[in-house]
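Chemist: quick check, what structure comes out for this input:
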Amino acid sequence: MKKTQILSLTLGLAGLLLVMGLVRWTDSPLHAVATDRTGSVITCTARMDGAVEALFFFDTTTGLLEGIVPARVRNLPVQSRWVANVADDMLAAAKVHGAEIPKTPKFTMVTGSIDAYKTGGNVRPSMDIVYVTEVNSGLSIAYMVPWNQALHSNNTVFSSPLWVWTTAKFATGAPVATAN
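Modeler: Okay, here's the model as predicted:
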């Protein structure tokens, strides 16, 4: 067998494996988990379950965090809705952690996966959790999203407050100690 034939067979096999890998990869469900901000508004998406995502909208001026899941049918504008008052929750977290919220707070918001316990009944934690952090104080709140798959499947409207899952305070403004 000539070197060119061996090279052709090798490249052909590599190409076949690459195409097979891409086909397998594209069979995986894609999720649009994203965060963006403009002015005083931060938005992000979060997975409720393996097939449904929610959109979260945080107005940093009012401290109001809202989330929605659009309806499965066209004539129902919003099927699921959640709300939290981040300003009040941050004040409560500041008391717990001995911190102060500045007069002009600066916020970030992201989502992340969590393997939370499954509660009894139809309402249980979603697959993702929403993190809101005030960056000057280092205070962070993790909001769990209560999700009801049965109501969603039946095109039934569901509304609930977001659950404060936990709070934390991260060090800010101080140098990090390193071992020599």
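Chemist: roughly how far apart are Val135 and Arg124?
Modeler: 31 Å (CB to CB, to the nearest Å). Glycine gets a C-beta too; all of them are placed from N, C-alpha and C.
Chemist: ok, Asn85 next?
Modeler: Distance from Asn85 to Arg124, by CB to CB: 23 Å.
Chemist: give me the domain ranges for this protein.
Modeler: As assigned by automatic domain parsing, the chain contains the domains 1-29, 35-169.
Chemist: mind putting those domains in TSV, mean pLDDT and mean neighbour count included?
Modeler: Rendered in TSV, the data for the domains of the chain read as follows (pLDDT from 0 to 100; neighbours: other CB atoms under 10 Å):
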stretch	mean pLDDT	mean neighbour count
domain 1-29	54	9
domain 35-169	89	16
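Chemist: name whatever forms a beta bridge with the residue positioned nearest the centre of the chain.
Modeler: For the chain, the residue nearest the mean C-alpha position is Thr111 (2.3 Å; CA atoms, centre = their mean). Assessed by DSSP bridges, Thr111 has beta-bridge partners Val130.
Chemist: what's near enough to touch it?
Modeler: Thr111 makes contact with 33, 35, 44-47, 56, 128-131 under the criterion CB atoms under 8 Å, 6 or more residues apart in numbering.
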